[in-house]
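Novice: Following is a predicted model, sequence given first.
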Amino acid sequence: MMVTATNAYNKRMDGRNFDELREIEAKVGVVKSADGSAMFKIGDTIAIAAVRGPRDLYPRFMQNPKGGILRCSYNMMSFSVDERIRPGPSRRSREITLVTENALMPAVDLSEFPNSVVDVFIEIVQADAGTRCAGICAASLALADAGIPMRDLVCAVSVGKVGGKILVDLNKYEEDYEDGSSDMPVAFLPRRNEISLLQLDGGMKKEEILNALELAKKSCVEILEVQRNALMGKYKNG
Amino acid sequence: MGLIIKEKEFVIPGDIVAEGIDYLPAGGVFREKDKIIAGQIGIVSVDNRLIKLIPLTGIYKPKAGDVVIGQVVNISFNGWSIDMGFSNLALLSVRDATSEFIERKSDLSRYFDFDDYIVAKISNVGKGNLIDLTMKGHGLMKLRDGMLIDVSPSKVPRIIGKQGSMINLLKDLSKCQVHVGQNGKVWINGDNCEKLIEAIRVIERESHISGLTEKIEKLLGGR
Amino acid sequence: MDNISREYLIKFLDKGKRINGRKFDELREIEVDYNVSKHAEGAARIKFGDTEVIVGVKLEVGEPFPDKPDEGTIIVGAEMLPLSSAEFEPGPPSVDSIELARVVDRAIRESKAIDFKKLCITKGEKVWMVLIDIYTINDDGNLQDASALATLAALKQVKIPRYDGKKVDYSEKTGKLPLLSMPVECSVVKIKDKLLSDPCFEEEKMMDARLTVGVTENNEICAMQKGGKKVLTIEDVNEMIEISLKNSEKLRKLLK
């Protein structure tokens, strides 16, 4: 669809710059009995992640003698959105579970835990778009909190094109923007500059995609600092 | 080139601790090409050319010779399965259980029953993290009742102290029985152990702060 | 791994003490937080010590039951999330989750806490359905009472959305949910011959039996559930109800 002067998204509805993230809050150790846990809030999206493991894995046929396996679960609480979500796994949540697992796997080293499983549970308490990315950021903190050996943390953010403009961290309004919205969730291992999650929902040209990726990379550096402070908050300052 | 992050600094996974070939990774860090990178949350520690992390998180790495505390969760014909709070169960086989001669087909629960706690030693860590335990040795025993406190395995050395100084202090002042497992389990038993539990939590939180011994003495009512 | 042997726990109890220093009929410190989930019509987070539960309420328009054509409906669901305890396995709701939800439901329904007639939109055709979802966040014992209290706290917040006959507008709210009663739940466990209220994780694991009692403002008992694999005597039930009646007042005060 042609972007014209009337439908171009010249100013973001919440006043942010195109390269500006919403306000982020992160806290580690929020589920007392878990091996590792974290809360990650970006704008009005809130994700909680908890890690249990490494622990025994049943059924036995799933066990890998060469190393532990990572098993994720992503779920949205029924009241996290305006139109209630029926409890239970949906096709959407199962797909997000899979891409989340694939986003976290390159960062973890489970070779020392053969035949075990590291379970990562993600719950979305409140949603305003960007839930899978918030979930990944929370999960990455929870894995570090649990002491799982990692090569890098994982930072995730959605970038996209709204009303013709490339921008970062879409909120729900922007995701649903009538005059054209493309949503591209991305996850980086920030120090290694490696992409572990990449999806696109909408139309973008190659140059636009590459620009958006640079924007995502920059944002992930900011997210990493928030994650670092959250970990320091628990471990350095007790 | 050289150390990027100073000693005693706090690092998170992925932080580049050093560059170049001058340093060797010794624990908690790994080498990738010309960089040494943190693999866990920890504090950097440098010893000549060795860089390692003092871990601040707590996954236990079992090794032979470790004294650990576990609980019997299963009994089979050839031994006991022991839960050490680790990702796999450990095995205490009949021949390693005691110096007594155990007849075949005897009731093994007479020796160690379901839910019993034991202080055992790891005799071997095999492929796939298969852990063999032995009860033959000094200081290894079945524990009568009591309760367990989870501590981070990285804090166990501080709870034991140099040549047992801290754990002896804890036992003397609290008048409680205490056993510490390298797997992050502290077993206690006694009549008034609340202050002891508090003391252990203080050691966990403030293990790197000076004046800890005095603080613990004060907490437990002094000498 | 059990964190405490049965003998040690009972040794403490025989001396009149609990492992975390509470009196037998004492509740843990309870925290209530309402700033939890803004898209819910009502939501609350409750902590009983380290036990944490989040409850959210959504309202939808649906059909009434044929035998109650002018009454709104309520459905209570609970998920004992694997994230909250090493003992909960992933998968469909366990029978424990189902029991937890049904006992919360029972107290609300039997105390007539919600004025269902006021939730009628068009008799025989459209009514408001009150959909309550309980999620456990950390299990340190007594998820039952924490879930029941969080449910009441969430219901108290509920504002009914606007309905124009075709679609619900969640951004526009009309009045509050018509609540006639606040049925709180109190659970007491029996270990050997000792009765302990608001059990922590270890006490719950070692329990012989448990009695959960739902109590309204008038000290009327609207629901009961015995849990656990062992037995209670009539004296036990008498005493446990007494303890629960006392503690229900304390719980209800927290919702003011």
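Specialist: Happy to help now that I have it.

Novice: Now do the strands in chain C.
Specialist: In chain C, the strands defined using DSSP state E lie at C:30-33, C:42-48, C:51-62, C:73-79, C:120-122, C:126-138, C:159-163, C:168-176, C:184-191, C:194-197, C:209-215, C:221-227.

Novice: For residue B:125, which of those is the nearest?
Specialist: Taking CB to CB as the criterion, strand C:126-138 is the member of the strands of chain C that comes nearest to residue B:125, at 32.5 Å. In short, each C-beta sits where N, CA and C put it, glycine included.

Novice: quick one on the thing from earlier: any chance of the strands of chain C in JSON lines, plus distance to chain A?
Specialist: Listed next are those as JSON lines, based on distance: least, CB to the nearest CB, whole Å:
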{"stretch": "strand C:30-33", "distance to chain A": "12"}
{"stretch": "strand C:42-48", "distance to chain A": "6"}
{"stretch": "strand C:51-62", "distance to chain A": "3"}
{"stretch": "strand C:73-79", "distance to chain A": "6"}
{"stretch": "strand C:120-122", "distance to chain A": "17"}
{"stretch": "strand C:126-138", "distance to chain A": "4"}
{"stretch": "strand C:159-163", "distance to chain A": "9"}
{"stretch": "strand C:168-176", "distance to chain A": "5"}
{"stretch": "strand C:184-191", "distance to chain A": "19"}
{"stretch": "strand C:194-197", "distance to chain A": "20"}
{"stretch": "strand C:209-215", "distance to chain A": "20"}
{"stretch": "strand C:221-227", "distance to chain A": "21"}
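
Novice: can you put those strands in TSV and add mean neighbour count, mean pLDDT and distance to residue C:203?
Specialist: Shown next, in TSV, are the strands of chain C (neighbours: other CB atoms under 10 Å in any protein chain shown; pLDDT from 0 to 100; distance: least, CB to CB, whole Å):
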stretch	mean neighbour count	mean pLDDT	distance to residue C:203
strand C:30-33	14	97	17
strand C:42-48	25	98	12
strand C:51-62	25	98	12
strand C:73-79	21	97	21
strand C:120-122	15	95	44
strand C:126-138	24	98	16
strand C:159-163	17	95	38
strand C:168-176	12	92	37
strand C:184-191	26	97	6
strand C:194-197	20	97	6
strand C:209-215	24	97	10
strand C:221-227	18	96	13
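
Novice: can you map out the helices along chain A?
Specialist: Taking DSSP state H as the criterion, chain A contains helices spanning A:91-104, A:131-145, A:172-175, A:206-235.

Novice: Pull the third one out as CSV, backbone CA atoms only.
Specialist: The one in question is helix A:172-175. Extracted in CSV, the C-alpha atoms of helix A:172-175 (Å, rounded to 0.1, in the frame of the first residue of the first chain):
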residue,chain,number,x,y,z
LYS,A,172,0.0,-2.8,20.5
TYR,A,173,-1.3,0.3,18.8
GLU,A,174,1.6,0.2,16.3
GLU,A,175,1.3,-3.5,15.7
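
Novice: Now that helix: average pLDDT?
Specialist: Mean pLDDT, helix A:172-175: 95.

Novice: Quick one: check that helix for contact with chain C.
Specialist: No. Helix A:172-175 stays clear of chain C (CB under 8 Å from any CB of the partner chain), getting no nearer than 10.0 Å.

Novice: helices and strands around that helix, which ones?
Specialist: When contacts are defined as 3 or more CB pairs under 8 Å, 6 or more residues apart in numbering or on different chains; DSSP states H and E, helix A:172-175 sits against strand A:155-162, strand A:181-189.

Novice: who wins for proximity to residue C:104 among the strands of chain C?
Specialist: strand C:73-79 (5.3 Å).

Novice: Touching that closest one from outside, list them.
Specialist: With contacts defined as CB atoms under 8 Å, 6 or more residues apart in numbering or on different chains, strand C:73-79 is touched by A:78, A:87, C:62, C:64-65, C:93, C:97-98, C:100-102, C:104-105, C:108-109, C:114, C:116, C:119, C:127-136, C:147, C:151.

Novice: Give me the sheet partners of that strand and which way each runs.
Specialist: Sheet pairing of strand C:73-79 (DSSP bridges) gives strand C:126-138 (parallel).

Novice: The strand it pairs with to strand C:159-163, inter-axis angle?
Specialist: On the basis of axes from the mean of the first three to the mean of the last three CA atoms, to 10 degrees, strand C:126-138 is oriented at 140 degrees to strand C:159-163.

Novice: mind listing what's buried in stretch A:213-226?
Specialist: Judged by neighbour count using 16 or more other CB atoms under 10 Å in any protein chain shown, the buried positions of stretch A:213-226 are A:213, A:215-217, A:219-220, A:222-224, A:226.

Novice: Return the member of these nearest to chain C.
Specialist: residue A:226 (20.6 Å; CB to the nearest CB).

Novice: Just give me the neighbour total for the residue lying closest to residue A:211 once chain neighbours are set aside.
Specialist: Closest residue in space to residue A:211, ignoring its immediate chain neighbours: residue A:166 at 5.3 Å, by CB to CB, 6 or more residues apart in numbering or on different chains. By the measure other CB atoms under 10 Å in any protein chain shown, the count of residues near residue A:166 is 20.

Novice: before we move on, the earlier item: mind putting the helices and strands packed on helix A:172-175 into JSON lines with distance to chain C?
Specialist: Output for these, formatted as JSON lines (distance: least, CB to the nearest CB, whole Å):
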{"stretch": "strand A:155-162", "distance to chain C": "19"}
{"stretch": "strand A:181-189", "distance to chain C": "19"}
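
Novice: So residue A:115 is in contact with residue A:62, correct?
Specialist: No. Assessed by CB atoms under 8 Å, residue A:115 is found out of contact with residue A:62, at 9.5 Å.

Novice: Those two: which has the busier surroundings?
Specialist: Counting neighbours by other CB under 10 Å for residue A:115 and for residue A:62 shows that residue A:115 has the greater number, 21 against 11.

Novice: which residues sit in contact with residue A:130?
Specialist: Contacts of residue A:130 (CB under 8 Å, 6+ apart): A:42-43, A:45, A:157-158, A:169-171, A:185.

Novice: Chain B contacts on chain A?
Specialist: A:36, A:53-56, A:65, A:68, A:107, A:109, A:112-116, A:144-153, A:189-192, A:227-228, A:231-232, A:235-236, A:238.
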